[in-house]
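**Q** Predicted model and sequence below, questions to follow.
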Amino acid sequence: MLEPQRHTQATTLGWFPDLKQLALHIDNIWLALEIGNSRLHWGLFIGETLHSAWDTEYLPKSVISQLAQSQTLDDLLLQIFPTPNKTDEKAQHQKHTSFPPSPHLPILLCERLRQRLRSVQVSPSPHPPIPSSPPPLLLASVVPSQTAIWETYPNVQVITLNEVPLKGVYPTFGIDRALALWGAGKTWGFPMLVIDAGTALTFTAADANQCLVGGAILPGLGLQFATLGQKTGQLPLVEISQMASLPPRFALNTTQAIQSGVIYTFLAGIKDFIQAWWNLFPQGKIAIKGGDRTLLINYLQALYPDMTTQLIVEPNLIFWGMKEISMANYK
Ligand SMILES: Nc1ncnc2c1ncn2[C@@H]1O[C@H](COP(=O)(O)OP(=O)(O)OP(=O)(O)O)[C@@H](O)[C@H]1O
Ligand SMILES: CC(C)(CO)[C@@H](O)C(=O)NCCC(=O)O
Ligand SMILES: [K+]
């Protein structure tokens with residue numbers, strides 16, 4: 001299995017190889033936000049480089065309207081954080097975790113980075129003063145009610161399907177699927193199949209002409225457990241985290257019976273789609289993303305080791321897609 005190192009590693013601000021180089025790109029700091037059905041996915045870009053990526057819960061509407069009313073970033077920080085520096089330190093420390101303590105972390109990170117870069121002298125002349133304003137936000141969302149809230153952010157650009165150069169898409173096609181496929185294809189080449197193990201499990205494929213072949217949508221792992229727990233009279237709610245290893249296929253208690261049913265059919269389904277994909281495109285590539293990707297890959301590896309060596313695992317596919325689009329916009 002390939003877990004590409006390129007850009008995928010979250011780095012801390014202190015590890016910049018060359019601050020002076022980065023100071024040159026200070027006007028080009030931007031945030032990528034993907035609004036999924038379970039949570040928010042953030043990327044902090046410096047120019048074309050993804051500096052770091054992390055997930056947060058949805059932000060309350062009140063906080064987003066505060067962002068909209070702020071005239072400057074300092075203004076904004078004052079509104080939200082009585083003691084921004086302290087919070088900032090803490091946020092910094094925890095930014096590798098999936099759920100940082102502060103949902104305002106993205107904005108804080110940008111400001112922190114700007115402060116760092118402002119203090120760097122770029123020879124021969126010092127860099128001009130940097131305007132302090134909320135960083136540009138490139139947004140892709142599959143949750144319309146959340147999109148509406150974020151449209152109040154001062155410097156936001158919402159990516160729509162017609163900005164993704166993928167051919168042959170249909171009107172209701174999800175922007176996350178389009179961006180992930182575009183990002184994967186542009187990075188590793190077409191034909192490409194993207195498997196997104198998120199709230200929903202999706203398969204999305206394009207041929208060598210960068211034209212949508214099509215795909216499939218089904219309930220993701222979490223949803224499968226949740227619906228069984230919620231829509232039945234006597235089945236318990238089984239959490240994904242309860243499943244430390246593959247359960248016995250023929251189980252002798254309820255929890256394991258649910259685990260077995262969900263996970264073995266999930267994996268068999270994925271294997272079947274992969275085989276169908278390779279029948280269509282023997283040289284076709286496959287990339288996997290989504291919150292359940294690691295679990296999925298581990299179990300696929302245990303059951304079908306030969307197949308997994310050819311899979312690309314990359315959590316940030318959507319950000320690669322967004323980067324392609326933002327680069328195209330600037331050209
Ligand atoms: N900290 C977490 N919070 C929520 N889900 C998590 C977390 N860690 C892993 N997951 C898993 O991630 C899955 C959701 O994936 P992801 O975060 O990619 O969803 P999403 O982007 O909201 O969904 P989608 O892209 O399908 O709309 C859940 O099934 C869950 O098991
Ligand atoms: C399938 C999901 C929920 C996956 O996040 C999203 O891409 C979406 O809402 N899509 C719209 C329907 C479609 O892609 O055909
Ligand atoms: K829906």
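**A** In hand now; what should we look at? Ligands and ions are numbered 1, 2, ... in the order given.

**Q** can we go C-alpha only for contacts and neighbour counts from here?
**A** Fine.

**Q** Please name the residues that touch Asp176.
**A** Neighbouring residues of Asp176 by CA atoms under 8 Å, 6 or more residues apart in numbering: Glu34, Ala140, Ser141, Val142, Ile318.

**Q** Quick check: which element contains the last one?
**A** Translated: Ile318. Assigning secondary structure by DSSP states H and E places Ile318 in helix 317-330.

**Q** Run the contact check for that helix versus ligand 1.
**A** No: with CA under 6 Å from any ligand atom as the criterion, ligand 1 is not reached by helix 317-330; the gap is at least 9.7 Å.

**Q** In that helix, which of the residues would be classed as buried?
**A** Neighbour counts over helix 317-330 (16 or more other CA atoms under 10 Å) mark Leu317, Ile318, Phe319, Trp320, Gly321, Met322, Lys323, Glu324, Ile325, Ser326 as buried.

**Q** who in the stretch 1-150 of the chain is up against ligand 2?
**A** Checking the stretch 1-150 of the chain against ligand 2 by CA under 6 Å from any ligand atom, the hits are Val142.

**Q** so where's the stretch 1-150 of the chain shaky on pLDDT?
**A** Across the stretch 1-150 of the chain, the ranges flagged by pLDDT under 70 are 1-26, 66-133.

**Q** any idea how far Ile263 is from the residue in it that ligand 2 sits nearest to?
**A** At 5.2 Å from ligand 2, Val142 is the closest residue in the stretch 1-150 of the chain, using CA to the nearest ligand atom. As defined by CA to CA, to the nearest Å, Val142 lies at a distance of 26 Å from Ile263.

**Q** The two: who's more crowded?
**A** For Val142 versus Ile263, neighbours defined as other CA atoms under 10 Å are more numerous around Ile263 (22 against 16).

**Q** is it true that the residue of the stretch 1-150 of the chain closest to ligand 2 touches Phe173?
**A** No: in this structure, Val142 is not within contact of Phe173 by CA atoms under 8 Å, at 9.9 Å.

**Q** Check which helix or strand Ala216 maps to.
**A** strand 212-219.

**Q** Show me which residues of that strand are buried.
**A** Neighbour-count burial for strand 212-219 [16+ other CA under 10 Å]: Leu212, Val213, Pro219.

**Q** circling back: state the pair within the contacts of Asp176 that is farthest apart.
**A** Val142 and Ile318 (12.3 Å; CA to CA).

**Q** re the thing from before, and which of the buried residues of strand 212-219 is nearest ligand 2?
**A** Pro219 (9.0 Å).

**Q** Show me what that closest one bridges to in the sheet.
**A** Pro219 forms beta bridges with Ala200, as assigned by DSSP bridges.

**Q** Now do the contacts for it.
**A** Thr199, Ala200, Leu201.

**Q** Kindly report the same for Gln256.
**A** Pro247, Pro248.

**Q** Which element, helix or strand, includes it?
**A** Under the assignment here (DSSP H and E), Gln256 is part of helix 254-280.

**Q** helix or strand right after that helix?
**A** Taking DSSP H and E, what comes next after helix 254-280 is strand 285-289.

**Q** packing partners for that next one?
**A** Packing contacts for strand 285-289, counted by 3 or more CA pairs under 8 Å, 6 or more residues apart in numbering; DSSP states H and E, involve strand 192-197, strand 311-313.

**Q** tell me the angle the longest one makes with strand 285-289.
**A** Between strand 192-197 and strand 285-289, the angle comes out at 20 degrees (axes from the mean of the first three to the mean of the last three CA atoms, to 10 degrees).

**Q** For strand 192-197, buried residues please.
**A** Met192, Leu193, Val194, Ile195, Asp196, Ala197.

**Q** Among these, which ones lie close to ligand 2?
**A** With the criterion set as CA under 6 Å from any ligand atom, no member of these is near ligand 2.

**Q** Kindly reformat those as JSON lines containing pLDDT.
**A** Putting the buried residues of strand 192-197 into JSON lines (pLDDT from 0 to 100) gives the following:
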{"residue": "Met192", "pLDDT": "98"}
{"residue": "Leu193", "pLDDT": "98"}
{"residue": "Val194", "pLDDT": "98"}
{"residue": "Ile195", "pLDDT": "98"}
{"residue": "Asp196", "pLDDT": "98"}
{"residue": "Ala197", "pLDDT": "98"}
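
**Q** Which two of these have the greatest separation?
**A** By the measure CA to CA, Met192 and Ala197 form the most distant pair in the buried residues of strand 192-197, at 16.1 Å.

**Q** Now do stretch 145-153: distance to the chain's middle.
**A** For stretch 145-153, the distance from its own C-alpha centre to the chain's C-alpha centre is 18 Å (CA atoms, centre = their mean, to the nearest Å).

**Q** ditto for stretch 225-234
**A** Using CA atoms, centre = their mean, the offset of stretch 225-234 from its chain centre is 28 Å.

**Q** Next, the buried residues of it.
**A** Under 16+ other CA under 10 Å, the buried positions of stretch 225-234 are Phe225, Ala226, Leu228, Gly229.
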